[in-house]
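S.K.: coordinates only, sequence not included:
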């Protein structure tokens, strides 16, 4: 494929987080066959990283009510990847305040995982740093994923990024939790993250949501401004409005490196049937939450309720009323 008009940078790496982010809309109940098919498709396509889910606490989240990819136990991982004798690296995410990270993150020698991604809100920075240090000491590459960055003041963001430069995290990820970041904002944030990360030899990543249908564009903007770790999901599968579609992104980012056919085959055989069971994408409710820079949980609830689904005006009025109340 001719990628002359795309972005070509040998440092760029694609991370597939279909199972982890997509699991937020089906309780992480992906079948072994589904996960294995995606794993094999990613390998064939040349994807650099695959994220298999969360290591969340089984004390806080019931294993009877959540699928195995909510917990990523090593036995479940090995059913898919064995010892992962491939060139593709594997990751999982641990959430601050939701993970028993001291015990559930095993030493690297006992796990097929390569990368631990630490997700946290700005008020959880102390715990996040402890989590980063713990995972690094256990032998993993580690990334720092500050969530809901659009709700953080610039002074607090600067303080957090400065603190992260003194940790062993190798990647700082810009996380557009609400899908509300515009293209100029993404350029600004990427350059800011890069100013902190680059002098200490760390990379910048991006995780974009599609509420404003800007996930793909924002990913390209971030890549053009220095981000080298790019998240995406097959068919944009993810909570609410979904994510940057992997098959779209890899047609424009180092396109000569990747083989898209296995991804389209997996999309046809695995994702199309899944769409008959669950929905995702930029429905108007998710656009509205993105425009209001709020968590999509209200939109998710509205879409689940058959009585309120597609009542866009009342949903818009509800968020406008909440906005006015917050400004008073």
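M.R.: Perfect, I can see it now. The shown structure was predicted, so the numbers you read here are calculated from the model rather than taken from an experiment.
S.K.: what's around residue 121, how many residues?
M.R.: A count of nearby residues for residue 121, using other Cβ atoms under 10 Å, gives 17. Every residue, glycine included, has its C-beta placed from N, CA and C.
S.K.: List the residues that contact it.
M.R.: Applying Cβ atoms under 8 Å, 6 or more residues apart in numbering to residue 121 gives the contacts 96, 146-148.
S.K.: Can you get me a residue count around the closest residue to residue 208 other than its chain neighbours?
M.R.: In this structure, residue 208 finds its nearest non-sequential neighbour in residue 215, 3.9 Å apart by Cβ to Cβ, 6 or more residues apart in numbering. Using other Cβ under 10 Å, the number of residues around residue 215 comes to 30.
S.K.: As a markdown table, the contacts of residue 121 with secondary structure would be great.
M.R.: As requested, these are exported to a markdown table (DSSP: H, G, I helix; E, B strand; the rest coil):
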| residue | secondary structure |
| --- | --- |
| 96 | coil |
| 146 | strand |
| 147 | coil |
| 148 | coil |
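S.K.: Got a ChimeraX select line for the buried ones in the residues you listed?
M.R.: Typed into ChimeraX, the next command selects the buried ones out of those (criterion: 16 or more other Cβ atoms under 10 Å):
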select :96,146,147,148
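S.K.: Tabulate the contacts of residue 121 (TSV), appending distance to residue 256 and pLDDT.
M.R.: As requested, those are exported to TSV (distance: Cβ to Cβ, whole Å; pLDDT from 0 to 100):
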residue	distance to residue 256	pLDDT
96	39	98
146	33	98
147	33	97
148	36	95
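S.K.: for the contacts of residue 121, which one is nearest residue 293?
M.R.: Checking those against residue 293 with Cβ to Cβ, the nearest one is residue 148 at 9.2 Å.
S.K.: residues touching residue 186, list them.
M.R.: With contact set as Cβ under 8 Å, 6+ apart, residue 186 has these partners: 174, 176, 206, 208, 214, 218, 221-222, 225.
S.K.: Point out the ones among those that are inside strands.
M.R.: Applying DSSP state E to the contacts of residue 186, the entries found in strands are 174, 206.
S.K.: circling back: next one: the residue nearest to residue 208 from residue 143, what distance?
M.R.: Applying Cβ to Cβ, to the nearest Å, one obtains 19 Å for the distance of residue 215 from residue 143.
S.K.: rewinding a little: my read is that the residue nearest to residue 208 contacts residue 206, right?
M.R.: No. Using Cβ atoms under 8 Å, residue 215 and residue 206 do not qualify as a contacting pair, with a distance of 9.4 Å.
S.K.: Quick check: neighbours shared by these two?
M.R.: Overlap between the neighbourhoods of residue 215 and residue 206 consists of residue 176, taking contacts as Cβ under 8 Å, 6+ apart.
S.K.: re the thing from before, for the contacts of residue 186, give me CSV that also has pLDDT, distance to residue 40 and neighbour count.
M.R.: Output for those, formatted as CSV (pLDDT from 0 to 100; distance: Cβ to Cβ, whole Å; neighbours: other Cβ atoms under 10 Å):
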residue, pLDDT, distance to residue 40, neighbour count
174, 98, 30, 25
176, 97, 29, 30
206, 98, 26, 29
208, 98, 26, 27
214, 97, 31, 23
218, 98, 29, 28
221, 97, 31, 24
222, 98, 28, 32
225, 96, 33, 18
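S.K.: Residue 113 touches residue 83, doesn't it?
M.R.: No. With contact defined as Cβ under 8 Å, residue 113 does not count as touching residue 83 (11.2 Å).
S.K.: Spatially nearest residue to residue 57 (excluding sequence neighbours)?
M.R.: Distance criterion Cβ to Cβ, 6+ apart; nearest residue to residue 57, sequence neighbours excluded, is residue 100 at 4.6 Å.
S.K.: ok, now which ones touch the one you found?
M.R.: Shown in contact with residue 100 (Cβ under 8 Å, 6+ apart): 57-59.
S.K.: Tell me which of residue 113 and residue 83 has more neighbours.
M.R.: More crowded of residue 113 and residue 83, by other Cβ under 10 Å: residue 113, with 25 against 8.
S.K.: how far away is that one from residue 81?
M.R.: When residue 113 is compared with residue 81 (using Cβ to Cβ), they lie 9 Å apart.
S.K.: Kindly report the same for residue 244.
M.R.: The span separating residue 244 from residue 81 equals 24 Å under the rule Cβ to Cβ.
S.K.: Same drill for these two, tell me which one is more crowded.
M.R.: When residue 244 is set against residue 81 and neighbours are counted by other Cβ under 10 Å, the residue ahead is residue 244, at 28 against 19.
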